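Participant: Quick one, structure for this:
(2 chains)
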2 protein chains.
Amino acid sequence: MIQRLAVVGVGLLGGSVAKAARAQGLAREIVGIGRDGRRLEPALRDGALDRATTDLTTGVAGADFVVLAAPVAAIEHLLGEVWRAAPADALLTDVGSTKGGIVRAAQRLAAGRPLQFVGSHPMAGSERSGYAVARADLFHGATVIVTPSESSAPAAVKGITAFWEALGAGRILALDPDAHDRAVAAVSHLPHLVACALVDGVARFDPAAFEVAARGFRNTTRIAASDPEVWEEIFLANRDALGPTIREFLRALAELSKLIDAGDAAGLRAALARIKAQREALP
Amino acid sequence: MIQRLAVVGVGLLGGSVAKAARAQGLAREIVGIGRDGRRLEPALRDGALDRATTDLTTGVAGADFVVLAAPVAAIEHLLGEVWRAAPADALLTDVGSTKGGIVRAAQRLAAGRPLQFVGSHPMAGSERSGYAVARADLFHGATVIVTPSESSAPAAVKGITAFWEALGAGRILALDPDAHDRAVAAVSHLPHLVACALVDGVARFDPAAFEVAARGFRNTTRIAASDPEVWEEIFLANRDALGPTIREFLRALAELSKLIDAGDAAGLRAALARIKAQREALP
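Facilitator: Below you'll find the predicted structure:
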């Protein structure tokens, strides 16, 4: 049981953390921290938060569990202030989509003051953002990646893992922060970038083609309608890992294009059959 | 009311045509034609077909409405035989995903014997294939593109349009066959190719990344598990239109990559906002 849960950033993810923690009776008190007091009001009104403040130090004071759910570029920046304000025995985590930079910032801070931070990345979300789309069941059955470093205390990893399990996560994966960044570059950031390029490519080629777009195109490009600010930050935060995935994607596309240009029916069929098997083997 | 509906190829699409026509009481008799008699048995057993044959000439004889639902490469090939066997007043259509080649073949045949053919492309389907996944409601609410040429009789276009409406189509679009091929290259064949390259690219980059694949990746790559034979034929049949769409996609991707590499936050956010608006404007 958490005595005081502080949620920094009460949008889709932070709001869902608060709602799920409330629904599960996981915390005695839930405090929401945000830049804009008016945006915190709906969560106060519907009971997801007990208290709301725009002052990070006040909000985090006395908390035994702190979740940073601000945009990814803001988390690194806010971490120092959270570090100074949080009690010595607090458990800290975040929900940022990239982990290398955040975990390294936490390690630098821990060298000065030994707090327990373990990064998290719940693989759940929506192309929409904001508290209005937060849901108590957002993490139900979701995969949550936790990214302990060598200096993480086993008890802290256990506490963060138990937290996500209590919120309904279906699977907790522990990954090295850099391995995490490479993996999400491949299966999350690259597909997102490609979906954006698909929409833009079709718009350049022939906007009238959108008229005949069916379910396949809608599914493939759904994520291109996501929040530009959120994704600008993710792409930039993870650009080192993203580059090599783009290059492998381009190689794969070039090989398929070459088979098509050459009219190589047998070769193309073999490549598509291999890819079908890869897709069907997805865990 | 159709007296005798002949369906050439009783897989996902042909089977769904037969089932939907039966469900709507659209045809007095439904005849299925296929290469393999055993594969036609399930449709006979469940009453979608009244009669089944492996002989195209027998199957099409006496039909007043013929739907070619064979794989796209086979349709052009079968068209000559259908043309010779069909009654003079029959209406002919097909369900191939590319239309330029098929419509031109029909025009050549019509120069010898003036039959009424209007190409169709129902924008409905599945990554699975075969009669086992055929459904009476497959075309419900779907967009169906019809591709009349200058020589198409208005009555024929009207008859084919009415046929798809009776099967439940939500919207009928008439497009020039080449405009059709360009549009589906952009919103169907390109996204399919890209989904395949995504799966293959990630497999090359780091197969372990598949472990963390969430809903976004699954949605984006669902179509990569489609039938390799069907898609080999589609890609090759439409390669002339596909090439330019790939080039526009690559240009769009290169521009986004450049903004990311340059760390141009404002430029990247503006591009993503423009793309979000394009995606949200999808009809």
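Participant: From here on, just use CA atoms for contacts and neighbour counts.
Facilitator: Will do.
Participant: Just the residues contacting the lowest-mean-pLDDT helix or strand in chain A, thanks.
Facilitator: None of the helices or strands of chain A scores lower by mean pLDDT, DSSP states H and E than helix A:215-221, at a mean of 83. With contacts defined as C-alpha atoms under 8 Å, 6 or more residues apart in numbering or on different chains, helix A:215-221 is touched by A:195-196, A:198-199, B:124, B:187-188, B:191, B:195, B:219-221, B:223, B:279.
Participant: Show me which pair in these is furthest apart.
Facilitator: With C-alpha to C-alpha as the measure, no two of these lie farther apart than A:C196 and B:A124, at 23.5 Å.
Participant: Of these two, give the one with the bigger neighbour count.
Facilitator: When neighbours are counted by other C-alpha atoms under 10 Å in any protein chain shown, A:C196 and B:A124 differ, and A:C196 comes out ahead with 29 against 18.
Participant: Could you give the number of residues near the residue lying closest to that one once chain neighbours are set aside?
Facilitator: Leaving out its chain neighbours, the residue that sits closest to A:C196 by C-alpha to C-alpha, 6 or more residues apart in numbering or on different chains is A:A224, at 4.8 Å. A:A224 is flanked by 29 other residues according to other C-alpha under 10 Å.
Participant: show me what contacts A:A224?
Facilitator: Residues in contact with A:A224 (C-alpha under 8 Å, 6+ apart) are A:127, A:192-193, A:195-196, A:199, B:272, B:275-276, B:279.
Participant: distance of it from B:I223?
Facilitator: As judged by C-alpha to C-alpha, to the nearest Å, A:A224 and B:I223 stand 17 Å apart.
Participant: Show me where chain A has its strands.
Facilitator: A:2-8, A:27-33, A:51-53, A:65-68, A:91-94, A:116-117, A:119-122, A:143-147, A:171-174 (DSSP state E).
Participant: Adding mean neighbour count, distance to chain B and mean pLDDT, write those strands out as a markdown table.
Facilitator: Output for those, formatted as a markdown table (neighbours: other C-alpha atoms under 10 Å in any protein chain shown; distance: least, C-alpha to the nearest C-alpha, whole Å; pLDDT from 0 to 100):
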| stretch | mean neighbour count | distance to chain B | mean pLDDT |
| --- | --- | --- | --- |
| strand A:2-8 | 24 | 23 | 98 |
| strand A:27-33 | 22 | 26 | 98 |
| strand A:51-53 | 19 | 29 | 98 |
| strand A:65-68 | 25 | 21 | 98 |
| strand A:91-94 | 25 | 18 | 98 |
| strand A:116-117 | 25 | 22 | 96 |
| strand A:119-122 | 26 | 10 | 96 |
| strand A:143-147 | 24 | 7 | 95 |
| strand A:171-174 | 17 | 8 | 94 |
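Participant: any chance of those strands in CSV, plus distance to B:E229?
Facilitator: Listed next are the strands of chain A as CSV, based on distance: least, C-alpha to C-alpha, whole Å:
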stretch, distance to B:E229
strand A:2-8, 52
strand A:27-33, 55
strand A:51-53, 58
strand A:65-68, 49
strand A:91-94, 46
strand A:116-117, 51
strand A:119-122, 38
strand A:143-147, 34
strand A:171-174, 36
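Participant: residues near the residue in the stretch 1-150 of chain A that chain B sits nearest to, how many?
Facilitator: Distances between the stretch 1-150 of chain A and chain B by C-alpha to the nearest C-alpha are smallest at A:M123, namely 6.1 Å. By other C-alpha under 10 Å, 22 other residues sit near A:M123.
Participant: Just give the nearest non-adjacent residue to the closest residue to chain B within the stretch 51-200 of chain A, would you?
Facilitator: Minimum separation of the stretch 51-200 of chain A from chain B (C-alpha to the nearest C-alpha) falls at A:A183, amounting to 4.4 Å. Among residues not flanking A:A183 along the chain, B:A209 sits closest, at 4.4 Å (C-alpha to C-alpha, 6+ apart).
Participant: re earlier: isn't the residue of the stretch 51-200 of chain A closest to chain B up against B:A214?
Facilitator: No - the criterion here is C-alpha atoms under 8 Å, and A:A183 misses it with B:A214 at 11.3 Å.
Participant: Counting neighbours, go ahead and name the busier of these two.
Facilitator: Neighbour count, other C-alpha under 10 Å: between A:A183 and B:A214, A:A183 has more, with 26 against 18.
Participant: Next, the contact list for the more buried one, please.
Facilitator: A:A183 neighbours (C-alpha under 8 Å, 6+ apart): B:206, B:208-210, B:212.
Participant: One more: A:L79?
Facilitator: Shown in contact with A:L79 (C-alpha under 8 Å, 6+ apart): A:105-106.
Participant: just to revisit the earlier point, separate out the buried members of the contacts of A:A183.
Facilitator: By neighbour count, with 16 or more other C-alpha atoms under 10 Å in any protein chain shown, the contacts of A:A183 hold B:209-210, B:212 as buried.
Participant: ok, so of those residues, who is nearest chain A?
Facilitator: Looking across the buried ones among the contacts of A:A183 and measuring by C-alpha to the nearest C-alpha, the closest to chain A is B:A209, at 4.4 Å.
Participant: just to revisit the earlier point, any idea which of the contacts of helix A:215-221 is least confident?
Facilitator: Lowest pLDDT of the contacts of helix A:215-221: B:N219, 81.
Participant: Look up how far B:A88 lies from it.
Facilitator: For B:N219, the distance to B:A88 - C-alpha to C-alpha - is 46 Å.
Participant: Do a quick rundown of the helices in the stretch 101-250 of chain A.
Facilitator: A:154-166, A:177-184, A:190-205, A:215-221, A:228-237, A:239-261 (DSSP state H, counting those that start in this stretch).
Participant: For the fourth one, list the C-alpha coordinates in PDB.
Facilitator: Written as PDB, here are the backbone C-alpha positions of helix A:215-221 (Å, rounded to 0.1, in the frame of the first residue of the first chain):
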ATOM      1  CA  ARG A 215      -9.300  -0.500 -43.700                       C
ATOM      2  CA  GLY A 216      -5.700  -1.500 -44.500                       C
ATOM      3  CA  PHE A 217      -4.600   2.100 -45.000                       C
ATOM      4  CA  ARG A 218      -6.500   3.300 -42.000                       C
ATOM      5  CA  ASN A 219      -4.900   0.700 -39.800                       C
ATOM      6  CA  THR A 220      -1.400   1.300 -41.100                       C
ATOM      7  CA  THR A 221      -1.600   5.100 -40.700                       C
END
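Participant: Okay, buried residues for that helix please.
Facilitator: A:215-221.
Participant: picking up where we left off before, just put the contacts of helix A:215-221 in TSV and tack on distance to B:G170.
Facilitator: Output for these, formatted as TSV (distance: C-alpha to C-alpha, whole Å):
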residue	distance to B:G170
A:A195	26
A:C196	28
A:L198	25
A:V199	24
B:A124	11
B:V187	19
B:S188	19
B:P191	23
B:A195	27
B:N219	24
B:T220	25
B:T221	26
B:I223	23
B:R279	21
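Participant: From these, pick the one nearest A:G168.
Facilitator: Using C-alpha to C-alpha, those come closest to A:G168 at B:N219, 22.3 Å.
Participant: ok, back up a step: which among the contacts of A:A224 count as buried?
Facilitator: Of the members of the contacts of A:A224, the ones counted as buried by neighbours, 16+ other C-alpha under 10 Å, are A:192-193, A:195-196, A:199, B:272, B:275-276, B:279.
Participant: Near A:A281, how many other residues are there?
Facilitator: Neighbours of A:A281 (other C-alpha under 10 Å): 10.
Participant: go on, A:T245?
Facilitator: A:T245, neighbours per other C-alpha under 10 Å, totals 26.
Participant: That one touches A:V184, doesn't it?
Facilitator: No - using C-alpha under 8 Å, A:T245 is not in contact with A:V184, being 10.0 Å away.
Participant: contacting residues around the residue nearest the centre of chain A?
Facilitator: Among the residues of chain A, the one closest to the centroid is A:S97, at 3.5 Å (C-alpha atoms, centre = their mean). Listed by C-alpha under 8 Å, 6+ apart, the contact partners of A:S97 are A:72, A:121, A:184, A:234.
Participant: Perfect, that will be all.
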